[in-house]
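J.: following is a predicted model, sequence given first.
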Amino acid sequence: RKLGIALVGLGKYSEGELAPALEKTTNCRLAGIVTGTPEKAETWKKKYNIPDKNVYDYKTFDQIADNPDIDIVYVVLPNSMHAEYTIRAAKAGKHVICEKPMAMNPEECQQMIDACKKANRQLSIGYRLHFEPHNQEMMRLGQKEIFGKINHIVAENAQKQDESSPWRLGRGVGGGGPLRDVGIYCLQGAIYTKGQIPIAVTAKYHPVTDPEKFSKIEEGMDFQLYFADGTMANCKTSFNDKYNKLRADAAKGWFELSPAYAYDGLEGKTSQGKMDIENVPQQAHQMDAFADCILKDKPTTVPGEMGMRDVQLVQAIFEAAKSGKKVSTKDVRQIMDPV
Ligand code: NAD
């Protein structure tokens, strides 16, 4: 049986990536939608053959509890709305995929984890790169020390952010900014390549060159992750630049991806030559993997606890940027991708 997924929030990511990916999945299918815009509901119903009974708005959302066609609720809303809809989905008895970043602070993350535990439902984060073969190769090369011990990591992710999602610039419901939106990939990349969780962070805001656009959020940030064995990861992120890279320098060579975090067209190189790896439909793999976990009753490799780890680190990075001090991250959740 294919598990039914309901997408909550039909914005750019649902429309451009997740719905098309759900036509390539084998363990799950697009079964329902939740939207506040009746015109979008009409278009999606026709395009994806969704029956009226599987269409909800934000007021009727909780009635999804009575719908056996929906097994998984996928929260694809602005970041500041993730906690509320994940908790409501759990209370409705559904498994949940919540987009990154999991929530606005660790307290919200804990409430989301607790709600899913209480409902005996699985919670996973929309971490597509953990199912992407180039990034999986970085995990293998780094964690198995194929080129020896890693001494240094570079993780950079920036995009020019337009006005198409005001919340990303901190307006409306807010919850945006480059660190939460794209910098989080640098954090994960450094962690799954090194195979360790940092013990401390430092950070510095980029100077603001566009005060109107960046009045509510940071324009960009440099941040450093310090690992217990002395390795450092130099990371940067911005909404006013363009770069996309993950690189590790190790005792006996180096390995890198550029672009590293894109939906497609990833390319990898090592000190021994080009990585010969195909690009795959990332989101289809990610959703199929989660559906498989539910069907076989096994835990997801990207659970709420991992989302919480990254939100704890994001909070520490903001604290470091504000204080100018090195901030300890020893108390963040210790959870890692198995290689
Ligand atoms: P978007 O702005 O295009 O879409 C957000 C949707 O939420 C819109 O359809 C909007 O109508 C709806 N919405 C409902 N209530 C709203 C409110 N009160 N204010 C604003 N919008 C409201 O954003 P997006 O790019 O689709 O991103 C959505 C989520 O997906 C974010 O959490 C983002 O981080 C995540 N995302 C993840 C990836 C990934 O690669 N994993 C990529 C893109 C986005």
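T.: Received it, and whenever you're ready, just let me know what you need. As the structure is a prediction and not an experimental result, all values here were calculated from the model.
J.: contact partners for the residue of the stretch 101-250 of the chain found nearest the ligand?
T.: Closest to the ligand within the stretch 101-250 of the chain is S165: 3.4 Å, counting by C-beta to the nearest ligand atom. For the C-beta atoms, the positions are set from N, CA and C on the backbone; glycine is no exception. Contacts here follow C-beta atoms under 8 Å, 6 or more residues apart in numbering; on that basis S165 touches G11, K12, P78, G176.
J.: and the stretch 101-250 of the chain, which residues reach the ligand?
T.: Counting by C-beta under 6 Å from any ligand atom, the residues of the stretch 101-250 of the chain close to the ligand are G126, R128, S165, W167, G172, V173, D181.
J.: kindly recompute the last result at 5 Å.
T.: Within the stretch 101-250 of the chain, the positions lying close to the ligand (C-beta under 5 Å from any ligand atom) are G126, S165, V173.
J.: and those, which of them are in helices?
T.: In helices, judged by DSSP state H, none of these are found.
J.: out of those, who's nearest T209?
T.: Nearest to T209 among these, counting by C-beta to C-beta, is S165 at 20.5 Å.
J.: got the phi/psi numbers for that closest one?
T.: phi -120, psi 90 (degrees, to the nearest 10).
J.: hmm, A228 is touching K194, no?
T.: No: counting by C-beta atoms under 8 Å, A228 stays clear of K194, with 10.2 Å between them.
J.: ok so, going back, and of the residues of the stretch 101-250 of the chain next to the ligand, the nearest to A316?
T.: G126 (22.1 Å).
J.: circling back: who wins on neighbours among the contacts of S165?
T.: Among the contacts of S165, the one with the most neighbours (other C-beta atoms under 10 Å) is G176, at 24 neighbours.
J.: how would you label that one: helix, strand or coil?
T.: coil (DSSP: H, G, I helix; E, B strand; the rest coil).
J.: now it, nearest residue through space, not along the chain?
T.: Counting by C-beta to C-beta, 6 or more residues apart in numbering, R168 is the residue found nearest to G176 once chain neighbours are left out, at 3.7 Å.
J.: pretty sure the one you found sits in a helix.
T.: Yes: applying three-state DSSP, one finds R168 inside a helix.
J.: buried set for stretch 149-158?
T.: Neighbour counts using 16 or more other C-beta atoms under 10 Å place I150, I153, V154, A155, E156, N157, A158 of stretch 149-158 among the buried residues.
J.: now do the contacts for the residue nearest to G176.
T.: For R168, the contact set (C-beta under 8 Å, 6+ apart) comprises P78, Q161, G176, G177, D181, I217, F239.
J.: what's the burial count for the fifth one?
T.: Residues near D181, counting by other C-beta under 10 Å, number 21.
J.: wait, what's in contact with A200?
T.: So A200 contacts L225, Y226, K326, V327, S328, T329, K330 (C-beta under 8 Å, 6+ apart).
J.: next one: P68
T.: By C-beta under 8 Å, 6+ apart, no residues touch P68.
J.: before we move on, what SS does it have?
T.: coil.
J.: can you list phi and psi of it for me?
T.: Dihedral angles phi and psi of P68 (degrees, to the nearest 10) take the values phi -70, psi -10.
J.: tell me the centre residue of the protein?
T.: K100 (3.4 Å; C-alpha atoms, centre = their mean).
J.: which SS state does that one fall under?
T.: K100 - assigned by three-state DSSP - is coil.
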